[in-house]
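Enquirer: next input, structure requested:
(chains A, B, C and D)
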Number of protein chains: 4
Amino acid sequence: MSLPLPDVQAGSPDIKINLTRVGVKNVKKLVEVARAGGKRPVILISDFHIFVDLPSDIKGANLSRNFEAMYEVLEEAISTPIYEVEELCSEVAKRVLELHEYASIAEVGMKSEYMLKRRTPVMKISCQEPATIFAEARAFRTPSNVRIKKIIGAEIVGMTACPCAQELMRDKVAAELTKMGVARKDIDAFLNIVPMATHNQRGRGIISIEVEDDVKVPMERIMRIIERSMSAKTYEILKRPDEAELVETAHKKPMFVEDCVREMAKRVVETFNKLPDDSIINIKQINEESIHQHDAVAERVASIGELRRELKESNAKMNAGVA
Amino acid sequence: MSLPLPDVQAGSPDIKINLTRVGVKNVKKLVEVARAGGKRPVILISDFHIFVDLPSDIKGANLSRNFEAMYEVLEEAISTPIYEVEELCSEVAKRVLELHEYASIAEVGMKSEYMLKRRTPVMKISCQEPATIFAEARAFRTPSNVRIKKIIGAEIVGMTACPCAQELMRDKVAAELTKMGVARKDIDAFLNIVPMATHNQRGRGIISIEVEDDVKVPMERIMRIIERSMSAKTYEILKRPDEAELVETAHKKPMFVEDCVREMAKRVVETFNKLPDDSIINIKQINEESIHQHDAVAERVASIGELRRELKESNAKMNAGVA
Amino acid sequence: MSLPLPDVQAGSPDIKINLTRVGVKNVKKLVEVARAGGKRPVILISDFHIFVDLPSDIKGANLSRNFEAMYEVLEEAISTPIYEVEELCSEVAKRVLELHEYASIAEVGMKSEYMLKRRTPVMKISCQEPATIFAEARAFRTPSNVRIKKIIGAEIVGMTACPCAQELMRDKVAAELTKMGVARKDIDAFLNIVPMATHNQRGRGIISIEVEDDVKVPMERIMRIIERSMSAKTYEILKRPDEAELVETAHKKPMFVEDCVREMAKRVVETFNKLPDDSIINIKQINEESIHQHDAVAERVASIGELRRELKESNAKMNAGVA
Amino acid sequence: MSLPLPDVQAGSPDIKINLTRVGVKNVKKLVEVARAGGKRPVILISDFHIFVDLPSDIKGANLSRNFEAMYEVLEEAISTPIYEVEELCSEVAKRVLELHEYASIAEVGMKSEYMLKRRTPVMKISCQEPATIFAEARAFRTPSNVRIKKIIGAEIVGMTACPCAQELMRDKVAAELTKMGVARKDIDAFLNIVPMATHNQRGRGIISIEVEDDVKVPMERIMRIIERSMSAKTYEILKRPDEAELVETAHKKPMFVEDCVREMAKRVVETFNKLPDDSIINIKQINEESIHQHDAVAERVASIGELRRELKESNAKMNAGVA
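Expert: Residues are numbered from 1 along each chain as shown, chains lettered A, B, ... in the order given. Next comes the predicted model:
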């Protein structure tokens, strides 16, 4: 018979100061993501963090005792196929908060690679494109029950072509054609058809949306918005007709980082037309500039209510013919 | 004679939505950090970001025109030795805001490796330890002038030993010594002298402090607080007497991530006793657990006013003999 | 009707210099790994590289034409469950070489995260531990056919405790107990039972084995060798009895990086007793020292024949009582 | 008076197997790099590794005792300004080998960020571009003395534009202009002047050269070769005339990864015309494709003698009019 082991964490600390969050990060777990149509589920290795707040008079006690509980919850939650990773986070956060009776908030987040299916533009060859998906849930204890806020998001790589350098090249080409005696209207016609050279590069679009627990935000729609809001998509395989088409497509839709963020904002408003006005939208674009070693960045953080108002005004101005 | 080049960014965007920040990141620049006592300055390669906000009716214009201005400011600012990296950020932020007449906020941040000098505990061998320093400044345009908020921070690696596993080992050792017939008081004496085995690992302590522009926060003090708030410091060189001393020191001060954050919080309150109550303190400890593949994390985000109040209550309780 | 597209790569380069390898890296693909006992296969996201050599008179032609072929091969190969990742690489390498009729060598490699199942030492709680597996195949064209060399390997994180610091602590403890009047034989008995404190940390053991295509090298055995050749394994969950046991286990088997490599070498020789003498073994241990910010490293690269000879001599010396 | 501390490493291991290398990596040190013309030296934070081989009958002994010696050597070597980082490595390797009387080889390597100065193509604005430099020295004990092999290398980011996609665009443009009634010779003239659009991206060129200790290989020349062997250089600042010029330059010199490696090989042969034939040259180009998420890679590893022979044959063929 052995004596009970000492429980250091349950003691009271000498320095009684509250902690905003205590927990673990870089926890790798297999997560089974169900797929529609009877297809076998994909089992992804995901990276989790799990935190709770800690009152001033607890040294750390229940935390170590409850790590195990956290994992059990996670284990149980992932033993049945899930369709939305944010639901997994919500469920874990809720139960972690139950187990930490002294805590008032629990935070659970996960990040994972994900494979998008695409078909090339001309040859329609099927290929896979890696993307990153992430989710987070925060469970707050209220006098009566538990309130959950959740975040759903994705990051996708695409191609962006610079409008500024392209405009500079257009001027140069027009001048050359003029010297060659081509008529102005033919030059204009030509420039309308043939996209001019510019620098282009890998860009990364990121959108995250924060809502109350009962609001649905399909991950697929977020991913679709991001991949359509750059100059072109990337593809693993490109036969020559596909490559020519892709380069032309990208050069016909040149975009600054600012343009990408604004296009994503517009699409978010149009796509998620049922989201409550206080849903928080975070939109970001990072371009790995091919002419620089640094990256260009644009970002908007706002409630969808604000974005709706701004887009409405923008549309009104455009309709009124204001440039 | 050439015609003026087209200025795409100066145009008005089709989607007139405000942007929270637009700019560049991962900008590498040489920064000269002056050293006291006539020593030659250290020239560090630092990593910068520079952002401004962008109103809905500007496509991106002045930004590209003013990148150059940003760099000129940076160049000028670093051509004279500086003593505080946060001053450099403040100066750049202020001037970036001047140049972007449409912007209402400019953000400038930098991060850099830094070399701490240390002497080993016993042999007093001088050695260098890498640390990370960072700073950020945000300049807000107000009706009358510009207001600056700045952040100063550092991240330092140290060693942490786990109190929980050590307590478990103490119990085991006491049982063994009892079996050997050692008297209880001798066992207690022994356990007071000899620190028991436990798992220990690399930990990282991080503190950042946000204040108004005119408040001084010496980086050296932040670094000193962090390195003293773990079980032991790391050293590049350790001869055997130093290694023995270091291991003993660490095992005599076992600490959870929670303990590290609370000790840092206490030292911040004691060290920065002149900081205004609304200064924001962010304190974080990350332990790369040797018994797990995941990391343990604790964090506190609070105004120094809150920390002062909590520490005062904590001291009162301790003096009143409350465990 | 459209004209055939130009094929730039098929041309001859101005600078006719041979290239050792041309291809792609960081190619992410879903790989389905079959599991024994009728369990659902795990689908892992793996990272591939695919290279061929290029003769001096080809600009790059077939390469871009054949990227598609490479992917098709990969796609087909992974559409059926595989049991050994190195077989996948061999198959792709063989077919890539077929498609590049001008090439004399094709190299295909992959790296993937993998989840090990473990049970904690005392409570027998089941948990998952991330590991890295990798494989590579090189297909060489010979006058008569194709010869394949393949590499199978893994990297696993564990815990290592330092023998040197522990010996220093033993001396100190013996001196303390002597001062307390404990008899020498009791001290020795005590020191035999109770492991002394020392610094310990995350270590990473890596083994790769290169053999001819027809030789089988089960990945599971490599992983088992690595995880047993450190002071202790890591576990995701550790209740207190498990944590106490783990810390004691690690401290009873203190190991330098040198010791880890030598133990792995011994186990490789004993486990893979049927491997041909010319199989190349690469063994490496990296310790993320808790008392330093740098890492300790030891490595052995040798044929298994050499290792066999050295181990035989070592055993002979040990048996002869040579220290 | 204290007794001598135990020396665990000096003992003999149970498993007497040789080790190829034992040592430390990720050692950060300040290194002072002298600059010509009386300018203040730049002090860089560099990342070192230091290894020796270890005979089968030594547990690890002198290694830990001599770490200190290694650092002292490093410390002393960097206390005076150095002009070539590879000399620093050679010096340390030589002295490490002296101190490890049982070792037959010592390896010392370093890697560091470095700042290149550039002026923009049109506006001649001065700016800084980050690059990576590295060096390594291996000291071999011979019966009579010590022989040193050293490696000097650099990695530089630049811009590459794809020749294949550009050729596809040329065809399309020619067809459009033909439809507009432009004469064939005018079309040809136009296409000679105006570079067509293509995808372009960040590329990284890497060259390392291995020679005997007494052979000089100026780092500056390696860096110059790399930066000139891509479609264009990157610049931190680009005003609009610079940006237009840069985009045009890059599009007028489209290059595959294969082309970059071959151009670097040619320049290495031409620049280092005094290097002994057995000097080993490693040349690599990695393009972060803007149309894909994976990277394109080409590499050549050869003696400069081989490259000389191949280049001579290549030139002969070109002169003979062989395409």
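
Enquirer: which parts of chain A are helices?
Expert: Assigned by DSSP state H, chain A shows helices spanning A:61-77, A:85-99, A:163-179, A:184-193, A:219-228, A:240-252, A:257-271, A:304-319.

Enquirer: got a markdown table for those helices, with mean pLDDT and mean neighbour count too?
Expert: All C-beta atoms are positioned from the backbone trio N, CA, C, and that covers glycine. Rendered in a markdown table, the data for those read as follows (pLDDT from 0 to 100; neighbours: other CB atoms under 10 Å in any protein chain shown):
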| stretch | mean pLDDT | mean neighbour count |
| --- | --- | --- |
| helix A:61-77 | 61 | 19 |
| helix A:85-99 | 87 | 22 |
| helix A:163-179 | 88 | 19 |
| helix A:184-193 | 85 | 14 |
| helix A:219-228 | 96 | 19 |
| helix A:240-252 | 94 | 21 |
| helix A:257-271 | 98 | 24 |
| helix A:304-319 | 96 | 16 |
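
Enquirer: show me the one of these that comes nearest D:Val247.
Expert: Each of the helices of chain A was scored for nearness to D:Val247 using CB to CB, and the closest is helix A:163-179 (4.6 Å).

Enquirer: hmm, that closest one in reach of chain B?
Expert: Yes: legend: contact between helix A:163-179 and chain B by CB under 8 Å from any CB of the partner chain is shown at A:Pro163, A:Cys164, A:Glu167, A:Leu168, A:Arg170, A:Asp171.

Enquirer: ignoring the adjacent residues along the chain, who's closest to the fifth one?
Expert: Computed as CB to CB, 6 or more residues apart in numbering or on different chains, the closest residue to A:Arg170 that is not its neighbour in sequence is A:Met196, at 4.9 Å.

Enquirer: tell me what the closest residue to chain C within the stretch 51-200 of chain A is bridged to.
Expert: Nearest residue of the stretch 51-200 of chain A to chain C, counting by CB to the nearest CB: A:Pro130, 4.2 Å away. Residues found in beta-bridge contact with A:Pro130 (criterion: DSSP bridges) are A:Met115.

Enquirer: also A:Glu299?
Expert: Beta-bridge partners of A:Glu299, counted by DSSP bridges, are A:Lys284, B:Arg21.

Enquirer: the residue nearest to A:Arg170: neighbour count?
Expert: The burial count assigned to A:Met196 is 24, neighbours taken as other CB atoms under 10 Å in any protein chain shown.

Enquirer: neighbours around A:Glu212, how many?
Expert: For A:Glu212, which is what you asked about, the neighbour count (other CB under 10 Å) is 12.

Enquirer: and A:Val122, by the same measure?
Expert: Counted by other CB under 10 Å, the residues lying close to A:Val122 total 15.

Enquirer: equivalent analysis for the one 10 residues further on, please.
Expert: Applying the criterion other CB under 10 Å, we find 16 residues in the vicinity of A:Thr132.

Enquirer: over to A:Glu101?
Expert: So A:Glu101, with other CB under 10 Å, has 8 neighbours.

Enquirer: next one: A:Asp57
Expert: Residues within reach of A:Asp57, counting by other CB under 10 Å, total 16.

Enquirer: before we move on, the earlier item: quick one: contacts for the residue of the stretch 51-200 of chain A closest to chain C?
Expert: By CB atoms under 8 Å, 6 or more residues apart in numbering or on different chains, the contact set of A:Pro130 is A:Glu113, A:Tyr114, A:Met115, A:Leu116, A:Val157, C:Lys28, C:Ile45, D:Gln293.

Enquirer: try A:Arg204
Expert: The neighbours of A:Arg204, taking CB under 8 Å, 6+ apart as the test, are A:Glu155, A:Ile156, A:Val157, A:Gly158, A:Gln285, A:Ile286, A:Asn287, A:Glu288.

Enquirer: ditto for A:His199
Expert: Here A:His199 is in contact with A:Ala161, A:Cys162, A:Ala165, A:Glu289, A:Ser290, A:Ile291, D:Met159, D:Asn200, D:Glu243, D:Leu246, D:Val247, D:Ala250 (criterion: CB under 8 Å, 6+ apart).

Enquirer: thanks a lot, see you next time.
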